[in-house]
Every structure is written in structure tokens, then in C-alpha cells.
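A.B. asks: Sharing a model prediction with you, sequence too.
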Amino acid sequence: MRIFSAYVQNELPTYLIYVPDKDKRLVGRNEVKRLFRNEVALITEEDIHSRLVDLKESCPTAHREDAIRDIVKDTLKFAVLSHRWLDSGEPTFYDILKSFKPYGYDKLMKFCEKAGEFGCRLAWSDTCCINKDSSTELEEAIRSMFKWYRDAHICIAYLSDTTSIDDLHKDVWFTRGWTLQELLAPWRMKFYVRNWEPLTSDLNDKENFEVVAALSRATRIPIDDLRHFQPGTNNVHEKMMWASTRTTTRIEDVAYSLIGIFDVSMMVAYGEGKRAFYRLMEAIIHKCDEWQIFAWAGTSSADSAAFPESPRGFLPLNPVDSNDDLLPSTVWRGDRNIVMTKRGLQIQVLLVDLSQEEATVYERIGTEDVQTNAYSSYTAGVVDYWCYDASGDGILQPEQEHLCVLLRPDPSNPYAGWRKVTTPNLVTIRTESKLRRTLTLVWL
């Protein structure tokens with residue numbers, strides 16, 4: 001019972017819908033314990049031994065407690081709903097408590113019906129399973145949501161604008177901020193289209209190549225990530241590109257909807273506006289050492305010139321020049337010790353005075369690199385220079401595209417020395433010959 005109690009208190013959502021109940025009532029964690037305690041008490045040593053044998057086939061270090069926890073998880077398996085909210089009429093937490101049935105209640109009933117078909121007696125929907133009047137419960141839900149979608153037995157996604165795989169990519173579901181993590185987190189998903197028709201006959205649409213290929217085309221997310229996504233602060237630029245075309249109703253949710261994807265921790269504070277995205281970037285930078293994080297343009301955050309004000313600022317990079325995965329361990333690119341300080345974002349760059357005509361400057365306009373002389377009065381701070389040793393020097397290879405931030409002297413802040421210049425497009429430089437130079441520490 002100890003493992004059962006710990007699982008309910010720490011792994012399950014705060015509130016769930018009890019599917020067998022015809023009124024679809026909400027049950028808290030203590031009620032879940034009451035409902036399932038007798039069933040869990042019937043678990044036998046034979047059940048535990050059999051499950052442990054199964055677990056050890058994939059995890060030789062599995063223990064008896066792991067087997068019990070796995071049985072408990074099966075007993076309490078729950079479904080989660082992924083959908084586009086109606087403009088009005090979605091059933092709220094208090095609607096369900098008062099047995100009020102607004103316009104969107106039919107969708108909730110259909111979701112519960114499908115959850116039951118997957119053997120789930122518990123279900124969770126973001127419309128009615130969060131008490132949004134409690135700041136504590138709301139914050140727990142937002143910070144735990146990725147985990148809840150990952151731990152769910154099945155994620156049921158309702159795409160109301162879709163009729164078939166052919167028009168899947170047109171669905172508004174793909175434009176919403178929160179549905180990105182709802183797509184990436186679950187191991188198992190079942191898609192339903194208009195009028196709750198199943199998209200395929202499969203139990204898990206993430207195992208259907210035709211569906212996953214269509215999802216990849218609609219989102220530009222690689223198939224492997226759609227099927228086996230792991231959260232973290234690696235490939236930050238790529239993940240921000242996935243989020244760059246999505247919108248949220250609340251400005252803060254642009255950041256909050258990405259907390260789980262990047263596996264970072266930050267407080268939820270509605271009312272802070274665009275500062276939420278700055279705080280997300282600040283949390284990411286503590287764990288990230290990728291120069292690609294500077295591949296953005298446009299309006300910067302009001303809190304730091306080093307960060308864009310939203311994911312929309314991130315722009316595509318040349319996939320060949322930006323891939324560092326195959327580099328040997330003795331070679332690296334860019335500063336691996338980027339850090340936030342009181343002065344700003346601290347980073348080592350390779351400075352190139354653009355007035356000296358040492359390099360040719362390009363702007364990335366769409367997919368084309370267009371040569372420009374518009375920035376000849378600035379200094380380029382190259383962020384993706386090559387390092388072959390610990391000498392403190394960086395190297396630019398001839399005729400290779402190098403990403404840079406544009407800098408100008410900052411007379412108002414002698415400690416920082418340089419101020420980042422905002423540009424509408426990505427700026428890169430190329431040199432005709434190899435350029436080796438001592439790196440310079442700047443604060444953005």
C-alpha cells in the first residue's frame with residue numbers, strides 16, 4: 001500500500017474524471033485511493049513475480065518494488081485529452097462539480113467514451129480537471145503537464161477540422177502552443193477527426209508510418225522525435241523552431257507551454273507578460289552550451305538583448321554548417337561556458353571589424369543568403385568559431401558561413417563594452433582566408 005499511496009500522491013494529476021460514473025464526476029487523489037484500494041490489495045506475490053520477470057527482460061536491474069509500481073500504474077491507467085478549445089462553452093472545474101453541462105460537454109463525454117474503450121477508468125482534460133482558482137494547483141498542473149501526458153496510458157487527440165490524413169496538416173490544432181507538448185510527450189496517441197471518427201484502425205497512431213509522416217510534414221518535426229522525444233536543453237534552436245509558428249491565448253503561455261519540453265523549472269506568474277519567455281530562456285541558458293541559440297532576429301526581449309521576445313524570433317540555419325553532432329571530442333564550436341550574470345549574458349566571441357573588409361557580410365532573407373554592406377559600421381561577434389585547442393583562440397574557416405551577432409561600442413555601459421544591435425534577419429559572414437584570433441569576452 002505504501003507504493004500505491006506514493007504513486008497516487010506523486011504521479012497522478014490532482015483531479016481526474018471517474019469514467020465509469022455516468023455523471024463523469026471529478027475525483028481527487030484521496031478519492032482515487034478509496035476507489036482502488038481494495039483492488040490493489042488483491043495483488044498477489046505471484047502477480048508481482050510474474051511482472052518482475054517481464055520487467056527484467058528489458059531492465060535487468062528491476063526490483064520487486066518496480067514490479068509493484070508497474071502493476072499499480074496498470075490498475076490506475078488514465079487517458080488524457082488533446083484538443084483545440086472552443087471559444088466558449090468548454091466545461092470548467094466548477095461546471096463538473098455542479099453537474100452543469102455547457103455546450104462543450106458532449107466533447108468531454110465522447111473523450112470519456114473513447115478512454116473507456118482503451119480500458120481507462122480515469123481520464124484527464126485540461127478544461128475541467130484543473131482548479132484554476134487555486135494558484136498552487138494551477139502551477140502544479142502547468143509544471144507537471146508534460147509528465148502527465150507522458151505517463152498517460154493513451155493520449156486521445158481530437159482534430160475537429162480534419163476529415164482524413166490528406167487534410168490533417170490544415171487543422172488549427174497544429175497552430176496552438178500547448179498542443180506541441182501534447183504531441184511530443186505521449187508514447188501512445190489515438191487521433192480522432194471530425195465527428196469523432198478514428199483516423200486509422202490502429203490502437204497507437206504513433207506506430208502508423210503514414211500518420212507520423214503526415215505529422216512530420218505538418219510540424220517540421222523529425223519522425224524520430226515524434227515517436228521517441230526526450231525533453232531537455234539540447235537542440236534548443238530546433239525546438240524553438242517547432243514552437244515558432246504556434247500561438248497561445250495568454251502571452252505567458254508561450255513560455256509555460258515549453259517548460260516540459262525543455263525540462264526546466266520556473267515559477268508560474270500570470271500577469272508578467274512577455275517576461276515569462278525571458279525567464280524561460282534564462283532557465284535554459286543555465287543548462288545549454290549551444291551556439292545555435294543565437295540564431296534569431298527581430299525584436300529582442302525587454303529584459304535582455306541576448307534573447308528574442310518569443311520563439312517567433314528563431315530562424316532557420318543552414319543544416320550542414322549548423323550540425324555539430326559529428327565533431328570529434330577534441331574540436332568544438334563556440335563558447336561552451338555561456339552564463340547569465342548581473343552584467344548580462346556572458347559569452348566569448350571572435351570579433352571581426354566589418355569596416356576593415358576582412359569578411360563578406362550576408363543577410364538570410366527567406367532561404368537565400370544576400371550579400372549586404374548595410375552593417376559596415378559595426379563589429380561582428382562570431383558565435384560559431386572553431387576551437388582546436390585550449391589556447392583561447394578561435395578560427396574562422398575560409399568560405400564557410402559563420403553566424404554572428406552585430407555589436408557596437410556602448411558608451412553608456414563601460415563595464416559591458418559592447419551593445420548588441422537588433423537586425424531583422426540573421427547575419428552571417430564569410431572570409432576568403434583562414435582567420436585566427438584571440439576570443440573576446442562580451443556581455444549582451
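C.D. replies: Structure's in. What do you need?

A.B. asks: Spatially nearest residue to Arg279 (excluding sequence neighbours)?
C.D. replies: Met266 (5.4 Å; CB to CB, 6 or more residues apart in numbering). (Glycine included, C-beta is placed from N, CA and C.)

A.B. asks: Tell me which residues touch that neighbour, please.
C.D. replies: 255, 259, 279-280, 283 (CB atoms under 8 Å, 6 or more residues apart in numbering).

A.B. asks: now, the most widely separated pair of those residues?
C.D. replies: Ile259 and Arg279 (10.2 Å; CB to CB).

A.B. asks: Looking at those two now, which is surrounded by more residues?
C.D. replies: For Ile259 versus Arg279, the count of surrounding residues by other CB atoms under 10 Å is larger for Ile259: 22 against 19.

A.B. asks: sorry, back to before: export the contacts of Met266 to a markdown table and tack on pLDDT and secondary structure?
C.D. replies: A markdown table is the format used below for the contacts of Met266 (pLDDT from 0 to 100; DSSP: H, G, I helix; E, B strand; the rest coil):
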| residue | pLDDT | secondary structure |
| --- | --- | --- |
| Ala255 | 98 | helix |
| Ile259 | 98 | helix |
| Arg279 | 97 | helix |
| Leu280 | 98 | helix |
| Ala283 | 97 | helix |
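
A.B. asks: For Glu399, state which of these is nearest.
C.D. replies: Using CB to CB, the contacts of Met266 come closest to Glu399 at Leu280, 36.5 Å.

A.B. asks: How much space separates that closest one from Ile154?
C.D. replies: For Leu280, the distance to Ile154 (CB to CB, to the nearest Å) stands at 29 Å.

A.B. asks: Now name the helix or strand holding the most centrally placed residue in the chain.
C.D. replies: In the chain, the C-alpha nearest the mean C-alpha coordinate belongs to Ile261, at 2.7 Å (CA atoms, centre = their mean). Ile261 is located in helix 259-262, with elements delineated by DSSP states H and E.

A.B. asks: Report all helices and strands that that helix contacts.
C.D. replies: helix 135-151, helix 178-184, helix 236-243, helix 275-285 (3 or more CB pairs under 8 Å, 6 or more residues apart in numbering; DSSP states H and E).

A.B. asks: Identify all contacting residues around it.
C.D. replies: Residues outside helix 259-262 that contact it (CB under 8 Å, 6+ apart) are 142-143, 145-147, 180-181, 184-185, 231-233, 236, 239, 243, 265-266, 280, 283-284.

A.B. asks: go again using 6 Å as the cut-off
C.D. replies: With contact meaning CB atoms under 6 Å, 6 or more residues apart in numbering, helix 259-262 is reached by 146, 181, 231, 233, 239, 284.

A.B. asks: Quick check: buried residues in the stretch of helix or strand Ile96 belongs to?
C.D. replies: Element membership for Ile96 (DSSP H and E) is helix 93-97. Across helix 93-97, burial judged by 16 or more other CB atoms under 10 Å covers 93, 95-96.

A.B. asks: Only alpha carbons, please: show it as PDB.
C.D. replies: Provided in PDB are the C-alpha atoms of helix 93-97 (Å, rounded to 0.1, in the frame of the first residue of the first chain):
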ATOM      1  CA  PHE A  93     -13.900  22.600 -13.000                       C
ATOM      2  CA  TYR A  94     -16.900  24.100 -11.200                       C
ATOM      3  CA  ASP A  95     -19.300  23.100 -14.000                       C
ATOM      4  CA  ILE A  96     -18.400  19.400 -13.400                       C
ATOM      5  CA  LEU A  97     -18.700  19.800  -9.600                       C
END
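
A.B. asks: part of a helix, is the residue nearest to Arg279?
C.D. replies: No - going by DSSP: H, G, I helix; E, B strand; the rest coil, the assignment for Met266 is coil, not a helix.

A.B. asks: What separation do you get for it and Asp126?
C.D. replies: 19 Å.

A.B. asks: Over to Thr428?
C.D. replies: Thr428 is 41 Å from Asp126, by CB to CB.

A.B. asks: quick one: which of the two has more around it?
C.D. replies: The neighbour count for Thr428 versus Asp126, taken as other CB under 10 Å, is higher for Thr428 (24 against 21).

A.B. asks: for this structure, which strand is longest?
C.D. replies: The single longest strand within the chain, with elements called by DSSP state E, is strand 344-353.

A.B. asks: what comes up buried for that one?
C.D. replies: Here strand 344-353 shows 344-352 as buried, counting by 16+ other CB under 10 Å.

A.B. asks: tell me the mean pLDDT for it?
C.D. replies: In this model, strand 344-353 has a mean pLDDT of 95.

A.B. asks: Note down every partner strand of it and its orientation.
C.D. replies: Note on strand 344-353: by DSSP bridges, its sheet partners are strand 339-341 (antiparallel), strand 379-382 (antiparallel), strand 440-443 (antiparallel).

A.B. asks: Extract the CA atoms of it and return them as PDB.
C.D. replies: The C-alpha trace of strand 344-353 is given here as PDB (Å, rounded to 0.1, in the frame of the first residue of the first chain):
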ATOM      1  CA  GLY A 344      24.100  40.300 -18.900                       C
ATOM      2  CA  LEU A 345      24.700  37.200 -20.900                       C
ATOM      3  CA  GLN A 346      28.400  36.400 -20.800                       C
ATOM      4  CA  ILE A 347      29.900  34.800 -23.900                       C
ATOM      5  CA  GLN A 348      33.200  34.600 -25.700                       C
ATOM      6  CA  VAL A 349      33.000  35.700 -29.400                       C
ATOM      7  CA  LEU A 350      35.500  36.200 -32.200                       C
ATOM      8  CA  LEU A 351      35.400  39.900 -33.100                       C
ATOM      9  CA  VAL A 352      35.700  41.000 -36.800                       C
ATOM     10  CA  ASP A 353      35.600  44.700 -37.600                       C
END
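
A.B. asks: what's downstream of it, the next helix or strand?
C.D. replies: Moving toward the C-terminus from strand 344-353, the next helix or strand (DSSP H and E) is strand 360-365.

A.B. asks: got the contact list for that following strand?
C.D. replies: 369-372, 375, 425-430.

A.B. asks: Kindly provide the distance from the closest residue to Lys132 other than its chain neighbours to Asp384.
C.D. replies: Spatial nearest neighbour of Lys132, chain neighbours left out: Leu138 (5.3 Å); criterion: CB to CB, 6+ apart. Remark: distance between Leu138 and Asp384 (CB to CB) = 40 Å.
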